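Chemist: okay, here's the prediction I keep looking at, along with the sequence it came from:
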Amino acid sequence: MKIAVIGTGYVGLVTGTCLAETGNTVICVDINEAKVLKMQNGEIPIYEPGLDVLFLRNIEQKRLTFTTDLALAVKDAQIIFMALPTPPGGDGAADLSYILGAAKDISKLVTEYKVIVNKSTVPVGTADKVQAVFAAHTDVEIDVVSNPEFLREGVAVEDFMKPDRVVIGTRSERAKKLMGELYGPYVRQGNPILFMDEKSSELTKYAANSFLATKITFMNEVANLCELVGADVDAVRRGIGSDERIGKRFLFPGIGYGGSCFPKDVQALAKSAEENKYDFAILRAVMVINEKQKTVLVEKVSKYYKGDLKGKHFAIWGLAFKPETDDIREAPALYIIDDLIKLGATVTVFDPEGMANVKNIIGDKVVYAENQYDALTGADALLIATEWSVFRNPDFDKIEEKLISKVIFDGRNLYDLDKMVDLGYYYNSIGRKLVEHGA
Ligand SMILES: NC(=O)c1ccc[n+]([C@@H]2O[C@H](COP(=O)([O-])OP(=O)(O)OC[C@H]3O[C@@H](n4cnc5c(N)ncnc54)[C@H](O)[C@@H]3O)[C@@H](O)[C@H]2O)c1
Ligand SMILES: O=c1ccn([C@@H]2O[C@H](COP(=O)(O)OP(=O)(O)O[C@H]3O[C@H](CO)[C@@H](O)[C@H](O)[C@H]3O)[C@@H](O)[C@H]2O)c(=O)[nH]1
């Protein structure tokens, strides 16, 4: 099939590349000229494991091309995907200006039937709004389909190529047939393509993200209680996760959920509920608790230094909001850096992929280390904010050599408590026993 993808960010680029991988001809459009030029030269603009191989292969085979020319992309496309930003507006509701703006631009270019697919995360009723934009500008028949994306950054290619499910919201038989054919190769293992109406499909996406954010938040609360009562959250996690009704995944406590999706999507669903005069109380609680959870690590640090962080120097391992991505949107590390600096401390950071993006935002407010051990030189303590594999089994001799004192605050529970006792560290993690120096 001939496909156009509008917006080549994390979702658009993965979607475009993975659709090309099954033999479709895909043209990707972006308004960011520098980014398009880069991609035309075979340079991938994001770090996403496994994407580079497919990206290059499909460019070479001429199934994947990039342009800033919307008209060129729309001309031959049977299906047009919109993978555009839907950031929170001032009031927390999703800002639909990118989607509705692009819909207007596309509507002026269509000359024959096309399926317009919304892959962005949008509130219920957006498909109707997009349909109305088209109706206002063209007589050409089009179908607007809601097809939310569930990929996770870091494993996006795998998630796209072998999705747990594909959700397609449309009441048009013609669109249903085309979408079913397009996604057939991705569900050969028997995972379902779930057809439903547009509104249910739109709500499915927000409900999924909000449920997962709630699950994590619940575990963060359990972790905080564990610290007060002397229980171990890892044991509790295993204890409840073995119940199939609960499941093992997304039960890891930490320093609050972040990323470009959960924070904004929970907020947008709560706002949607409010607009419909429904008080989605659990989501309000989730948001409040998550804000608080982002501060727990610095509170631990502050308590250890008796409230005085002036002149202290800290090393932070991990900036990306999760491992295996360079995405730093709503990354807990950014909040930690901000809090430490406000309290008078200085900071050196290291992240395998996220440092350039952080530098673009906060510049020289922190020092950027060449590697994880250099970050420790002269630091009073190490703080861990992202669970990159490379931090899981470090050389503790090197850590000891570089840190001023053997103090670690771990927001991701990377190390075994007994090991930290043996090594003689002060080790403060989330929802687990505090390991005191020489304990
Ligand atoms: N990032 C994820 O993991 C993820 C997963 C599932 C769903 N989503 C949803 O998908 C949508 C896109 O998210 P993202 O993370 O890919 O965003 P992103 O910010 O990474 O990418 C958006 C891209 O769209 C481009 N763009 C903006 N306006 C444009 C226009 N008028 N024409 C062409 N290109 C334009 C930008 O230059 C950018 O490259 C959001 O609604 C998000 O909630 C994201
Ligand atoms: O047990 C867990 C699992 C995750 N997190 C945190 O939750 C956030 C989100 O993690 P994850 O869901 O793995 O990353 P995303 O790439 O943001 O993916 C989510 O958001 C996407 C965008 O909507 C959806 O497509 C995905 O299905 C959904 O998992 C991160 O801050 C994680 O650190 C935890 O704290 N504990």
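Modeler: That came through fine. Ligands and ions are numbered 1, 2, ... in the order given.
Chemist: so where's the stretch 101-250 of the chain uncertain?
Modeler: Of all residues in the stretch 101-250 of the chain, none has pLDDT under 70.
Chemist: show me which residues of it are close to ligand 2?
Modeler: With Cβ under 6 Å from any ligand atom as the criterion, the stretch 101-250 of the chain meets ligand 2 at residues 121, 149-153, 209, 212, 216, 250. Backbone N, C-alpha and C define where each C-beta goes, glycine included.
Chemist: can you name the residue of this protein nearest ligand 1?
Modeler: residue 9 (1.7 Å; Cβ to the nearest ligand atom).
Chemist: dump the residue contacts of that residue.
Modeler: 46, 83, 85 (Cβ atoms under 8 Å, 6 or more residues apart in numbering).
Chemist: so which strand or helix has residue 414?
Modeler: Using DSSP states H and E, residue 414 is not contained in any helix or strand.
Chemist: which residues does it contact?
Modeler: Neighbouring residues of residue 414 by Cβ under 8 Å, 6+ apart: 384, 387, 391-392, 429.
Chemist: by neighbours, which of those wins?
Modeler: residue 429 (27 neighbours; other Cβ atoms under 10 Å).
Chemist: rewinding a little: go through the contacts of residue 414 and flag which are in helices.
Modeler: In helices, judged by DSSP state H, none of those are found.
Chemist: tell me the contacts of the residue nearest the centre of the chain?
Modeler: Note on the chain: the residue nearest the mean C-alpha position is residue 259, at 4.0 Å, using Cα atoms, centre = their mean. The neighbourhood of residue 259, defined by Cβ under 8 Å, 6+ apart, consists of 153, 321-322, 327, 329-331.
Chemist: can you redo these as CSV with neighbour count and secondary structure?
Modeler: Below are those laid out as CSV (neighbours: other Cβ atoms under 10 Å; DSSP: H, G, I helix; E, B strand; the rest coil):
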residue, neighbour count, secondary structure
153, 25, coil
321, 27, coil
322, 22, coil
327, 24, coil
329, 19, coil
330, 19, coil
331, 27, coil
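Chemist: distance of residue 101 relative to ligand 2?
Modeler: Using Cβ to the nearest ligand atom, to the nearest Å, residue 101 is found at 21 Å from ligand 2.
Chemist: tally of neighbours for that residue?
Modeler: Residues near residue 101, counting by other Cβ under 10 Å: 12.
Chemist: quick check: buried residues in the longest helix seen in the chain?
Modeler: Taking DSSP H as the criterion, the chain has its longest helix at helix 198-229. By neighbour count with 16 or more other Cβ atoms under 10 Å, helix 198-229 contains the buried residues 198-199, 201-206, 208-210, 212-224, 226-227.
Chemist: among the residues you listed, which are in reach of ligand 1?
Modeler: Within the buried residues of helix 198-229, nothing lies near ligand 1 by Cβ under 6 Å from any ligand atom.
Chemist: next step: the contacts of residue 414 restricted to strands.
Modeler: Counting by DSSP state E, the contacts of residue 414 place residue 384 in strands.
Chemist: pretty sure residue 179 sits in a helix.
Modeler: Yes - judged by DSSP: H, G, I helix; E, B strand; the rest coil, residue 179 forms part of a helix.
Chemist: got the contact list for the spatially closest residue to residue 351 that is not a sequence neighbour?
Modeler: Using Cβ to Cβ, 6 or more residues apart in numbering and skipping residues adjacent in sequence, the residue nearest residue 351 is residue 319, 3.7 Å away. Residue 319 makes contacts with 328, 331, 333-334, 349, 351, 354-355, 357-358, 385-386, as judged by Cβ under 8 Å, 6+ apart.
Chemist: how does it look with 6 Å?
Modeler: Listed by Cβ atoms under 6 Å, 6 or more residues apart in numbering, the contact set of residue 319 reads 328, 333, 349, 351, 354, 358.
Chemist: same question, residue 226
Modeler: Counting by Cβ under 6 Å, 6+ apart, residue 226 has contacts 233, 431.
Chemist: distance of it relative to residue 336?
Modeler: 21 Å (Cβ to Cβ, to the nearest Å).
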